[in-house]
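Visitor: fold the following, please.
(chains A and B)
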Number of protein chains: 2
Amino acid sequence: MADNLHPMTAISEFMRQVRDDVDASLDLLVPTAGVRPKRLHEAIRWSLFAGGKRIRPAIVYAVGGAFGAERKSLGPSAAAIEMIHTFSLIHDDLPAMDDDDLRRGRETCHVKYGEATAILAGDALQTLAFQVLAEDEGLTPEIRIQLIADIARASGTPKGMVAGQQLDLAFEGQDPVRVPIKVLELIHSRKTGALISASAKAGAIIGGALADELVAIERYASQIGLLFQVTDDLLDVTQATETLGKTAGKDIVADKATYPRHFGVDETRKMAVAIRDEACEALAAIDRETSLLVGLAHLIVDRTN
Amino acid sequence: MADNLHPMTAISEFMRQVRDDVDASLDLLVPTAGVRPKRLHEAIRWSLFAGGKRIRPAIVYAVGGAFGAERKSLGPSAAAIEMIHTFSLIHDDLPAMDDDDLRRGRETCHVKYGEATAILAGDALQTLAFQVLAEDEGLTPEIRIQLIADIARASGTPKGMVAGQQLDLAFEGQDPVRVPIKVLELIHSRKTGALISASAKAGAIIGGALADELVAIERYASQIGLLFQVTDDLLDVTQATETLGKTAGKDIVADKATYPRHFGVDETRKMAVAIRDEACEALAAIDRETSLLVGLAHLIVDRTN
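Guide: Just a heads-up that it's a prediction; the model follows:
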């Protein structure tokens, strides 16, 4: 991070660079829309290049960078994790799941391409993610299998993203104030936190982090995952549909358990700041240049202001 | 294979042993139905233990055995491939896809557990397959990443199973006799053939096959994949729903392009025998004990009689 830049300018510049790098990697790794079956590849690209913030790749790059990993050694893993994230968005939006018509300001995959193609686009993105990780010749086979195992555990069941989505659906329709906060945290740690932690761990492993550094990074990452969910819930109740790019208030209509419903908006804001500070404190145990990681934590909270 | 057994007795005994081994492996690898989220794990087990024939694991074991691989070194890969296959069945049966209510004589996953859970059960099975392959400590990291890359290519797009399903849907509703046979073969080679080939290749790689042996095994496997599809099409038109365990004639109702619709039942039977013989001829190039592989090819045709 250049010393002469204001921290928030540096983090914006970093995020812009991440978006450019990830978009370029994804474009190379995913079959073009001209390759058959065309509709499938169009659908994959529709969702993959929908203006996502690339938060998970940013975490891979920021953590990897802190541990001295070469930028190019982080690209395939960052892209693979974004593929897994996008697969989960496509399937979560399906009529049988959250039934969302709009994401990031445009039609969701199944609205645009039909349900069958959307299901297959999600399936193919998951497959491709593991293929990209396995074929990443910039990393040793040992590191590749460790990343695949970690990312698979974070994506699947019983402790990953798919399990979190199943739990989330199970509690939908229940009076959200009656869903115990411990259950809410469990759902979020699975649904969102696990893959964010895996992103941080991937960067650390590629950068050759030592065991105690890995512990600190995992503490940081678990707070970041929680922070992400809490601020997402805040955005859902405080922003208009147009700004948010998805149907605002959707979680409330669906009677989903969210932090603001439990604690109110003001208290949730205070929680977000406290979680951010805990994330940053975890970094104190690491003798590396972590200002970008601090900046990321601040960025996540600031987007709710 | 014991010399004193009739070949078809030996192959039946081999298939029974494969089913026992694969069922035991899957039972260990998949969270029990008592682990949360329970409904998800129940759904996964419902489809995984539905009396499948375990043809793909049998190919892994038979090819691996021919190349002298230890039986226990083949178990996780065989189980992982069966997980991928089961994930594809669950998603193919969904209302937005083939809309099947019945498979192997009982309710399909979405009929029993609802669409959302069925989508997630398929997703989780795919994830778990790659996790199992990555965590398979009986194999070197080099072999593990090769298997993951091969199986991912065979499962995804543009040359794998998901691409095949997309192509299949694209041609549904067209006059099947007008779908060129080359297109029909392309669909099947993607939808069914690719994962069957990957099963054979996995066994050969684990067994340490040489490059020219791998070429012969891939020739065998591609014929077996085709044979499997042709005989499946035959079963669909010649058997009653009760015997078949799925809604018979379904492909015809859906106006799917099938071999019997193209060539008639008698001609398709002749094709099956010719394909079987080609598969067996490919094995002549390998100086190994391949009688089980020959037996498997015969078994696939014989089930249509």
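Visitor: am I right that A:Leu235 is in contact with A:Arg303?
Guide: Yes - judged on C-beta atoms under 8 Å, A:Leu235 makes contact with A:Arg303 at a distance of 7.2 Å. In this view, the C-beta of every residue, glycine as well, is placed from N, C-alpha and C.
Visitor: of these two, which one has the most company?
Guide: Between A:Leu235 and A:Arg303, counted using other C-beta atoms under 10 Å in any protein chain shown, A:Leu235 has the larger neighbour count: 16 against 13.
Visitor: roughly how far apart are that one and chain B?
Guide: Here A:Leu235 is placed at a distance of 24 Å from chain B (C-beta to the nearest C-beta, to the nearest Å).
Visitor: and that residue, how far is that from A:Asn305?
Guide: As judged by C-beta to C-beta, to the nearest Å, A:Leu235 and A:Asn305 stand 11 Å apart.
Visitor: per-residue confidence for A:Arg45?
Guide: Looking at A:Arg45, its pLDDT stands at 98.
Visitor: isn't there a helix covering it?
Guide: Yes - under DSSP: H, G, I helix; E, B strand; the rest coil, A:Arg45 falls within a helix.
Visitor: give me the number of residues near the nearest residue to it once chain neighbours are set aside?
Guide: Distances taken as C-beta to C-beta, 6 or more residues apart in numbering or on different chains put A:Ala33 closest to A:Arg45, at 5.7 Å, once the chain neighbours are dropped. When neighbours are counted by other C-beta under 10 Å, A:Ala33 registers 14.
Visitor: and A:Ala204, by the same measure?
Guide: Counted by other C-beta under 10 Å, the residues lying close to A:Ala204 total 26.
Visitor: that one touches A:Leu214, doesn't it?
Guide: Yes - A:Ala204 is in contact with A:Leu214 according to C-beta under 8 Å; the separation is 5.5 Å.
Visitor: now for the helix ranked longest in chain A, which elements pack on it?
Guide: The helix that spans the most residues within chain A, counting by DSSP state H, is helix A:211-238. Packing partners of helix A:211-238 (3 or more C-beta pairs under 8 Å, 6 or more residues apart in numbering or on different chains; DSSP states H and E): helix A:55-66, helix A:181-188, helix A:194-206, helix A:250-253, helix A:259-263, helix A:265-283, helix A:291-302.
Visitor: what are the buried residues along the last one?
Guide: Within helix A:291-302, the residues that qualify as buried by neighbour count (16 or more other C-beta atoms under 10 Å in any protein chain shown) are A:291-301.
Visitor: circling back: gap between the residue nearest to A:Arg45 and A:Ala170?
Guide: Separation of A:Ala33 from A:Ala170 (C-beta to C-beta) stands at 37 Å.
Visitor: repeat that for A:Ile206.
Guide: Distance of A:Ile206 to A:Ala170, computed by C-beta to C-beta: 36 Å.
Visitor: more neighbours, these two?
Guide: Applying other C-beta under 10 Å to A:Ile206 and A:Ala170 shows that A:Ile206 carries more neighbours, namely 26 against 18.
Visitor: excluding chain neighbours, what is closest to that one?
Guide: For A:Ile206, ignoring the flanking residues on the chain, the nearest one in space by C-beta to C-beta, 6+ apart is A:Ala69 at 4.7 Å.
Visitor: before we move on, which element is A:Thr304 in?
Guide: Counting by DSSP states H and E, no helix or strand carries A:Thr304.
Visitor: so what's the residue count around it?
Guide: Using other C-beta under 10 Å, the number of residues around A:Thr304 comes to 17.
Visitor: that one and A:Asp233 touch, don't they?
Guide: No - the criterion here is C-beta under 8 Å, and A:Thr304 misses it with A:Asp233 at 9.5 Å.
Visitor: before we move on, the earlier item: what is the nearest of the buried residues of helix A:291-302 to B:Asp101?
Guide: Distance to B:Asp101 across these (C-beta to C-beta) is lowest for A:Ile300, with 45.2 Å.
Visitor: contacts only, for the nearest residue to A:Ser197 once chain neighbours are set aside.
Guide: Beyond its immediate neighbours in the sequence, the residue positioned closest to A:Ser197 (C-beta to C-beta, 6+ apart) is A:Ala221, lying 4.1 Å away. Shown in contact with A:Ala221 (C-beta atoms under 8 Å, 6 or more residues apart in numbering or on different chains): A:59, A:63, A:193, A:196-197, A:199-201.
Visitor: same thing with A:Phe228?
Guide: A:Phe228 makes contacts with A:55, A:192-193, A:196, A:300, as judged by C-beta under 8 Å, 6+ apart.
Visitor: switch to 7 Å and redo it
Guide: Residues in contact with A:Phe228 (C-beta atoms under 7 Å, 6 or more residues apart in numbering or on different chains) are A:192, A:196, A:300.
Visitor: just send those back as a markdown table, with pLDDT too.
Guide: As requested, the contacts of A:Phe228 are arranged in a markdown table below (pLDDT from 0 to 100):
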| residue | pLDDT |
| --- | --- |
| A:Thr192 | 91 |
| A:Ile196 | 96 |
| A:Ile300 | 92 |
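Visitor: of these, closest to chain B?
Guide: A:Thr192 (15.6 Å; C-beta to the nearest C-beta).
Visitor: burial count for the nearest residue to the closest one once chain neighbours are set aside?
Guide: Distance criterion C-beta to C-beta, 6+ apart; nearest residue to A:Thr192, sequence neighbours excluded, is A:Gln229 at 4.9 Å. Residues near A:Gln229, counting by other C-beta under 10 Å, number 22.
Visitor: in this structure A:Gln229 contacts A:Ser189, no?
Guide: No - using C-beta atoms under 7 Å, A:Gln229 is not in contact with A:Ser189; the gap is 8.5 Å.
Visitor: dump the residue contacts of the nearest residue to A:Phe67 once chain neighbours are set aside.
Guide: Leaving aside its chain neighbours, A:Phe67 sits nearest to A:Gly207 (2.6 Å; criterion: C-beta to C-beta, 6+ apart). Listed by C-beta under 7 Å, 6+ apart, the contact partners of A:Gly207 are A:64, A:67-69.
Visitor: in the stretch 151-300 of chain A, where is pLDDT below threshold?
Guide: A:176, A:240-256 (pLDDT under 70).
Visitor: go again using 80 as the cut-off
Guide: Scanning the stretch 151-300 of chain A with the threshold set as pLDDT under 80 gives A:172-178, A:239-257.
Visitor: got a list of what the residue nearest the centre of chain A touches?
Guide: Nearest to the mean C-alpha position of chain A, by C-alpha atoms, centre = their mean, lies A:Arg56 at 4.5 Å. A:Arg56 makes contact with A:81-82, A:85, A:195-196, A:199, according to C-beta under 7 Å, 6+ apart.
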